[in-house]
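Engineer: need a 3D model of the sequence below.
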Amino acid sequence: MHTGILPSALRTLHGERPGVHIALYNLPPAEQFEGLRQRSLDIALVHEPPGADDPDLLAAPLLEDPLLLALPAGHPLADQEKVTPGDLDGRPWIAIENTQDPAWRDTFIATCTAAGFTPDIRLEAAEPLTALGLVASGLGFALVQKSMAHATTEEVAVRELPWHETRVQLWAAWHRVDLRPLVAEFRTTILRAGEAA
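Structural biologist: The predicted structure is shown next:
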């Protein structure tokens, strides 16, 4: 939702076909893919696509969202124009859980280490908005998607990290065989919204 892709596509669909019923579900990728196969879902938005050799499903990339540093606005680093890996080494961090990756914590630490710093993870947040709230409380730093930057408050400063190359990807996935023209139309609308994002 926070990327703007789904709200834009839903707004377009509602404007063109106001009588269409839309149901949204927050499901893990495996359940979304199974829902597509069983035809209980029409389209899935996931961070990783189904396999290229999947006999039933197709996918297309929608967005690559860079990660930004979120830090308390009162922290001395908030006034620096450029933040280096050395500036972040050993600082208190809030890690954002990734339920799609069982080894998410190790992945986070490895990504930070590869970028040149070691985070001191003090807290874990179930989702980015919680992490931003903890940052605003002065409890540590977090890496959040650029599309989340609009959700910050004046207590949170956001800085780009050009040297940190990790990006969060968003994909649309669907069944190879369209049974209803409306599904193909909505898929096209979502793909266009991704191009505009």
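Engineer: excluding sequence neighbours, find me the nearest residue to Thr153.
Structural biologist: Nearest residue to Thr153, sequence neighbours excluded (CB to CB, 6 or more residues apart in numbering): Ala136, at 5.5 Å. Where you see a C-beta, it was placed from the backbone N, CA and C, and this is true even at glycine.
Engineer: over to Leu6?
Structural biologist: Closest to Leu6 by CB to CB, 6+ apart is Leu45, at 6.6 Å.
Engineer: where does Ser8 sit: helix, strand or coil?
Structural biologist: helix (DSSP: H, G, I helix; E, B strand; the rest coil).
Engineer: next up, the contacts around it.
Structural biologist: By CB atoms under 8 Å, 6 or more residues apart in numbering, the contact set of Ser8 is 193, 196-197.
Engineer: over to Phe141?
Structural biologist: So Phe141 contacts 69-71, 88, 91-94, 119, 135 (CB under 8 Å, 6+ apart).
Engineer: how about a cut-off of 6 Å?
Structural biologist: Each residue near Phe141 by CB atoms under 6 Å, 6 or more residues apart in numbering is listed here: 71, 91, 93.
Engineer: neighbours of the closest residue to it other than its chain neighbours, how many?
Structural biologist: Counting by CB to CB, 6+ apart, Leu71 is the residue found nearest to Phe141 once chain neighbours are left out, at 4.8 Å. When neighbours are counted by other CB atoms under 10 Å, Leu71 registers 24.
Engineer: my guess is Leu71 meets Val158, correct?
Structural biologist: No: look at Leu71 against Val158 with CB atoms under 6 Å: they stay out of range, at 8.0 Å.
Engineer: what's the overlap in contacts for the two?
Structural biologist: Overlap of the contact sets of Leu71 and Val158 (by CB under 6 Å, 6+ apart) is empty.
Engineer: buried set for the longest strand along the chain?
Structural biologist: When the chain is parsed with DSSP state E, its longest strand is strand 57-72. Residues of strand 57-72 classed as buried: 57-59, 62-63, 65-72 (neighbour count, 16 or more other CB atoms under 10 Å).
Engineer: equivalent analysis for stretch 101-113, please.
Structural biologist: Under the neighbour-count criterion of 16+ other CB under 10 Å, stretch 101-113 has 108-109, 112 buried.
Engineer: can you put the residues you listed in TSV and add secondary structure?
Structural biologist: Formatted as TSV, the buried residues of stretch 101-113 follow (three-state DSSP):
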residue	secondary structure
Phe108	helix
Ile109	helix
Cys112	helix
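Engineer: for those, which one is nearest Ala173?
Structural biologist: Among the buried residues of stretch 101-113, Phe108 lies closest to Ala173 (CB to CB), at 24.8 Å.
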